[in-house]
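Novice: Sequence and computational prediction follow.
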Amino acid sequence: MGRKAKLANIVSELYLSYGGLITPLGDTATENFENMRLGKSGVHKVSGSGFNKEDWPLGKINSLTSENRYTELLEKICEALIENVGIEILSADRTLIIISSTKADITALPSDTFASTREILKNKWNPAHAPLIISNACISGVMAINTAADYINGDKYDTVVTIGIDALSDFIVYGFQSLFALSDQSSKPFDKNRTGISIGEAAGAIVISNKKPENGAFCVNYLGGSSSNDANHISGPSRTGEGLFRSINKTAERSSINIQDIDFISAHGTGTMYNDEMESIAFDRLSLNSVPVNSLKGYFGHTLGAAGIIEVISTMLMIEHGLLLKSPGFEEQGTTKKMNVLSENVEKEVQLALKTASGFGGGNASLILKKSL
């Protein structure tokens, strides 16, 4: 019996539920959604944040006060998980923790930047298994969820908790500044007048399980996901959208759905000329031009390794409330291929949602969520 046949025998329904969400817009999923619904943005100019003391717009969490922003943020999301999920589940033998981050505690260089992550988790609830670390640029969060699903479908675990986290640092801000990628205003994904990225920080946690939450909390079904590397350039995406095109096609195949049945797309949407154009081309090749789409980067900034997790949580919130959030900063079409970018909040019942992510190194990933009955 081949590997696919073996997996087919043990694949069960998978459920995603909220574990926690901390961004510049709030410390809970409810608070974040309400502020997004009202059109608020957590991106604001931070005095002296640039290499030459420029004031760059950043998605900075003002409530973080300690010298090490990463460890404080991780402590906070761990506390949210304990409150929302419970130590019994978090420390169970059939539970795995996956961390999605691009830099972790960058101040630890040249030592292991994830050492403090493992130590904090051990002190908080002493998980039964060593946490798995996924650091694959900006597709890390979506890959973490897809990897979690593979582990559960492979009957390795019953529950996987994915934590996406990245904190602001000079290293990150200066790095994007050196690439001339930062925008001097809050990013405007897919807009004609977009000028680049706004970097942010956040932490989010999602619980993936083969059982519905016992407390009756809201959840969605995970149908499938995949990744594909376009091998185009260390920082630039394929001009034809090939990697994203292949990933979405494979994800739809694994999800056993017709791509044309997708109701909503949560795009990567960084606000850079090349990324937004690439996504528009990939969506056009898949005939998804008319599907409502947004980018959430205008609310939080681009949170790197946390982006996929917090944007999936936001998508779950949109499904739960039947409200698609507008794409902040979007006013006029700025891509060569037509897209149905949301300029206003829209009430809509979503059955199938597609989440995409793209990142440095040619990485592209996607997954599909379904409203749970």
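Specialist: Cool, got the structure. Please read these numbers as outputs of a predicted model, since none were measured by experiment. Numbers count the residues shown, from 1 in each chain.
Novice: In this structure, where is pLDDT below threshold?
Specialist: Residue ranges of the chain with pLDDT under 70: 1-12, 235.
Novice: in a strand, that's where Leu223 is, yeah?
Specialist: Yes: assessed with DSSP: H, G, I helix; E, B strand; the rest coil, Leu223 lies in a strand.
Novice: who's in contact with it?
Specialist: 254-257, 352, 367-370 (CB atoms under 8 Å, 6 or more residues apart in numbering). Where you see a C-beta, it was placed from the backbone N, CA and C, and this is true even at glycine.
Novice: Of the residues you listed, which is the nearest to Thr315?
Specialist: Minimum distance to Thr315 across those is 6.4 Å, recorded for Leu369 (CB to CB).
Novice: For that closest one, give its distance to Ile98.
Specialist: Distance from Leu369 to Ile98, counting by CB to CB, to the nearest Å: 18 Å.
Novice: so what are the domain limits for this structure?
Specialist: The chain breaks down into these domains under automatic domain parsing: 12-209, 220-371.
Novice: Check these for me and report the most buried one.
Specialist: domain 220-371 (a mean of 22; mean count of other CB atoms under 10 Å).
Novice: for that domain, how far is the first residue from the last?
Specialist: One end of domain 220-371 sits 5 Å from the other (CA to CA, to the nearest Å).
Novice: okay, which residue is most central for the protein?
Specialist: Centroid-nearest residue in the chain, with CA atoms, centre = their mean: Gly308, separated by 1.1 Å.
Novice: Using PDB, list the CA coordinates for the strand or helix carrying that residue.
Specialist: Assigned by DSSP states H and E, Gly308 belongs to helix 307-321. Taking Å, rounded to 0.1, in the frame of the first residue of the first chain, the C-alpha atoms of helix 307-321 are listed here in PDB:
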ATOM      1  CA  ALA A 307       1.500  37.000   9.100                       C
ATOM      2  CA  GLY A 308       0.100  33.700   8.000                       C
ATOM      3  CA  ILE A 309      -1.200  32.800  11.400                       C
ATOM      4  CA  ILE A 310      -2.800  36.200  12.300                       C
ATOM      5  CA  GLU A 311      -4.300  36.500   8.800                       C
ATOM      6  CA  VAL A 312      -5.900  33.000   9.100                       C
ATOM      7  CA  ILE A 313      -7.300  34.000  12.400                       C
ATOM      8  CA  SER A 314      -8.700  37.200  10.900                       C
ATOM      9  CA  THR A 315     -10.200  35.100   8.000                       C
ATOM     10  CA  MET A 316     -11.800  32.800  10.600                       C
ATOM     11  CA  LEU A 317     -13.300  35.900  12.300                       C
ATOM     12  CA  MET A 318     -14.700  37.100   9.000                       C
ATOM     13  CA  ILE A 319     -16.300  33.700   8.400                       C
ATOM     14  CA  GLU A 320     -17.700  33.700  11.900                       C
ATOM     15  CA  HIS A 321     -19.200  37.200  11.700                       C
END
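Novice: From the chain's centroid, how far away is it?
Specialist: A distance of 9 Å separates the centroid of the chain from that of helix 307-321, by CA atoms, centre = their mean, to the nearest Å.
Novice: do the same with stretch 310-327
Specialist: 12 Å.
Novice: same question, stretch 32-49
Specialist: Per CA atoms, centre = their mean, the centroid offset for stretch 32-49 relative to its chain is 17 Å.
Novice: end to end, how far does it reach?
Specialist: Distance between the boundary residues of stretch 32-49 (CA to CA) amounts to 25 Å.
Novice: And the contacts of it?
Specialist: With CB under 8 Å, 6+ apart, stretch 32-49 has contacts from 21, 23-26, 54-61, 173, 186-187, 198, 200, 296, 298-301, 314, 317, 321, 323, 325-326, 328, 345.
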